[in-house]
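In: kindly generate the corresponding structure for this input.
(chains A and B)
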Amino acid sequence: NAGVTQTPKFQVLKTGQSMTLQCAQDMNHEYMSWYRQDPGMGLRLIHYSVGAGITDQGEVPNGYNVSRSTTEDFPLRLLSAAPSQTSVYFCASSSTGLDGYTFGSGTRLTVV
Amino acid sequence: EDQVTQSPEALRLQEGESSSLNCSYTVSGLRGLFWYRQDPGKGPEFLFTLYSAGEEKEKERLKATLTKKESFLHITAPKPEDSATYLCAVPDYGGATNKLIFGTGTLLAVQP
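Out: Numbering: from 1, shown residues only, chains lettered A, B, ... in the order given. Next up is the predicted model:
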């Protein structure tokens, strides 16, 4: 039982490049979310999904896209990387939301 | 605007010195309050969900309590391995448990 798996763990991008952060869970959870964590700002919700084919925006969605074609996978796409997107990104999943989220180990992204 | 405020920002304790962390919130119609533990370089780890005022939950040296305006995380006789950042979170105003608002956390350091 791997839980929530995020890849890559570290990434350096140049401004304007695009990339996809991968997230997969093997717990058959319906709820999945992407957060970014910045010093002094706490965790902020980027996008979330309540099931395959259903996604919606969180607090800070600009510059990011998501899709949910399967229950297991929830990739996050950076369309055109900017230095302001330098952050640590966490993917999380839950069966109902109220039972707590399981977080991945994070992707540390630097945009230069 | 929904807010979650944690205090203190940082707390240094001697091993065995009990204390409490505070999480105050302004969300009305609370549907749950969550506590997480985060170790450096890792994703948050779920600890508790509290659903209603007066509820308490315990796990080893940790006890979480909830009132109508705040939650406390009591740490009894802490050990160095309890050192971590402790985060609290609540669902947003709409009560959507897939949209969590996190506090910025309390960094706890327990010295032997």
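In: hey, let's count contacts and neighbours off CA atoms from now on
Out: Fine.
In: is chain A within reach of stretch B:99-112?
Out: Yes. For stretch B:99-112, a contact with chain A is found by C-alpha under 8 Å from any C-alpha of the partner chain, at B:99, B:100, B:101, B:102, B:103, B:104, B:105.
In: and the first one, how far from residue B:45?
Out: Taking C-alpha to C-alpha, to the nearest Å as the measure, residue B:99 falls 17 Å from residue B:45.
In: spatially nearest residue to the residue in chain B positioned nearest to chain A, not counting backbone neighbours?
Out: Closest to chain A within chain B is residue B:104: 4.3 Å, counting by C-alpha to the nearest C-alpha. Using C-alpha to C-alpha, 6 or more residues apart in numbering or on different chains and skipping residues adjacent in sequence, the residue nearest residue B:104 is residue A:42, 4.3 Å away.
In: wait, the one you found touches residue B:105, no?
Out: Yes. The pair residue A:42 / residue B:105 is scored as a contact, 7.2 Å apart, by C-alpha atoms under 8 Å.
In: SS state for the residue of chain B closest to chain A?
Out: What DSSP: H, G, I helix; E, B strand; the rest coil gives for residue B:104 is coil.
In: list the contacts for the residue in chain A that chain B sits nearest to?
Out: Proximity of chain A to chain B (C-alpha to the nearest C-alpha) peaks at residue A:42, 4.3 Å away. Contact analysis of residue A:42 by C-alpha atoms under 8 Å, 6 or more residues apart in numbering or on different chains lists B:102, B:103, B:104, B:105.
In: can you do 10 Å?
Out: Residue A:42 makes contacts with A:35, A:36, B:87, B:101, B:102, B:103, B:104, B:105, as judged by C-alpha atoms under 10 Å, 6 or more residues apart in numbering or on different chains.
In: from the residues you listed, which single one is nearest residue A:52?
Out: The closest of those to residue A:52 turns out to be residue A:35 (C-alpha to C-alpha; 18.6 Å).
In: what lies in contact with the helix or strand harbouring residue B:58?
Out: In this structure, residue B:58 sits in strand B:56-59 according to DSSP states H and E. Contact with strand B:56-59 is made by B:47-50, B:63-67, B:71-75, as judged by C-alpha under 10 Å, 6+ apart.
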